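1. After the sequence you'll find the predicted model.
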Amino acid sequence: MKKLFSLSLFTIISFYISGQSIVVTTNLWSNVLSLEPSGQLFTEKIKFTTDTTINLVTYKVVERTLDKNQLNWNNYGFIREDANKRVYYKLNASGPEKLLYDLDLALNDSILAFGVNTFNFTAFLDSTMYHVTAIDSMLIGNNYRKQLHLSGFMGGSLVEATQWIDSMGGISGILHNWNLKVGEDGYGLLCFEENGILKYHNPFYTDCYVATGIKSLCNLELTVSVNPNPITDISTVRINGMKKNTEIVVRFYNSLGENVLTKSTTNEFQLRKSELPSGIYLLTVQSMEGTFASRKIVIR
């Protein structure tokens, strides 16, 4: 049963001006994908198109492309939204239907929700038990929209994992939810277009299409190793594929996409547990030559 809580005037206003559907054909999402374990970046575009009926239930077809020019789209599952703002997804027509979002949750509610996760582009559905630890609003375009802060347990403590925004989906990227799990590709929302108008642009990127590949990495395939990972005391971080003692800048981002630590160092260094609070982080590496790599780490 949902628990009652007091609404601030700010939150009430945000509820009033939001309320649009997520599953419509006029929206376009750009997600940035960090491929595990290389850290190479790709951009996927997601849209919902035609209606289709599966077992007497109407879904919209999900289409996806990695093409910057958006010329070649592929089927990427089926999605629907009910009258209570719950969004359900099927990876394929014969597979099970899973809950992606529920925008009607209240503070302290708990819910088992799924996300599309990948490993080297191989897609699968992964679940997490989420707990609503805060409700506020986020500015999308010119309007504030309801935002749910969802946390999951890690090492016995609640850690904020993602945020769901009314009519836009998750800040971890549409379809993807908590995507800083070790051993899985990482995702984040890059841009959101509504009715052909850009309403959200991730401030950490200058464009709505980001890609690094082996060519743009100066023909170096960089990988990041962290040993041990999770980090319980001191771990050694190595960036493989660079010359020894190459100067680099390492940035650590929390699940909110906030840069919480920056280190100027070389391509082998030690990371101490005391440098960051317990949680899951995305570590990114950049050198003077512009080479780039990333890695998910866990601090316990």
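-> Nice, thanks for sending it over. Residues are numbered from 1 along each chain as shown.
2. what sits against the residue most central in space within the chain?
-> For the chain, the residue nearest the mean C-alpha position is residue 172 (2.1 Å; Cα atoms, centre = their mean). Residue 172 sits next to 115, 161-162, 178-179, 187-189 when contact means Cβ atoms under 8 Å, 6 or more residues apart in numbering. Where C-beta positions appear, they are placed from N, C-alpha and C, glycine not excepted.
3. same thing with residue 65?
-> Residue 65 sits in contact with 44-45, 71-74, where contact means Cβ under 8 Å, 6+ apart.
4. Now that we have those residues, which of them are buried?
-> Buried subset of the contacts of residue 65 (neighbour count, 16 or more other Cβ atoms under 10 Å): 44-45, 73.
5. Can I get the residues you listed in CSV including secondary structure and pLDDT?
-> Formatted as CSV, the buried ones among the contacts of residue 65 follow (DSSP: H, G, I helix; E, B strand; the rest coil; pLDDT from 0 to 100):
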residue, secondary structure, pLDDT
44, strand, 95
45, strand, 97
73, coil, 96
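6. Buried residues, the strand ranked longest in the chain. List them.
-> Among the segments of the chain that qualify as a strand by DSSP state E, the longest is strand 122-140. Residues of strand 122-140 classed as buried by neighbour count (16+ other Cβ under 10 Å): 125-126, 128, 130-132, 135, 137-138, 140.
7. do the same with stretch 56-63
-> Within stretch 56-63, judged by 16+ other Cβ under 10 Å, the buried ones are 59-63.
8. again with stretch 80-87
-> Result for stretch 80-87 [16+ other Cβ under 10 Å]: buried residues 80-81, 85-87.
9. between those, which is closest to residue 120?
-> The nearest member of these to residue 120, counting by Cβ to Cβ, is residue 87 at 26.3 Å.
10. May I have the beta-bridge partners of the closest residue in space to residue 110 that isn't next to it in sequence?
-> Nearest-residue entry for residue 110: residue 131, 5.0 Å, with adjacent residues in sequence omitted and distances by Cβ to Cβ, 6 or more residues apart in numbering. Residue 131 has the following beta-bridge partners by DSSP bridges: residue 110, residue 151.
11. Check residue 155 and give its pLDDT.
-> Looking at residue 155, its pLDDT reads 64.
12. from the contacts of residue 65, which two are the most distant?
-> Between any two of the contacts of residue 65 (Cβ to Cβ), the greatest distance is 14.4 Å, for 44 and 71.
13. now, the most widely separated pair of the contacts of residue 172?
-> The farthest-apart pair in the contacts of residue 172, when distances are taken by Cβ to Cβ, is 161 and 189, at 14.1 Å.
14. hang on, the earlier thing: okay, the buried ones among the contacts of residue 65 in CSV with distance to residue 259 next?
-> Shown next, in CSV, are the buried ones among the contacts of residue 65 (distance: Cβ to Cβ, whole Å):
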residue, distance to residue 259
44, 23
45, 26
73, 33
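15. now, among those, which is nearest to residue 145?
-> Nearest to residue 145 among the buried ones among the contacts of residue 65, with distances taken as Cβ to Cβ, is residue 45, at 21.7 Å.
16. where does the stretch 51-200 of the chain have low pLDDT?
-> 155, 179-183 (pLDDT under 70).
17. can you give me the helices for it?
-> For the stretch 51-200 of the chain, no helices turn up when DSSP state H, counting those that start in this stretch is the criterion.
18. so how far is stretch 102-117 off the chain centroid?
-> Centroid separation for stretch 102-117 versus its chain: 15 Å, with Cα atoms, centre = their mean, to the nearest Å.
19. And stretch 230-242, by the same measure?
-> For stretch 230-242, the distance to the chain centre is 23 Å (Cα atoms, centre = their mean).
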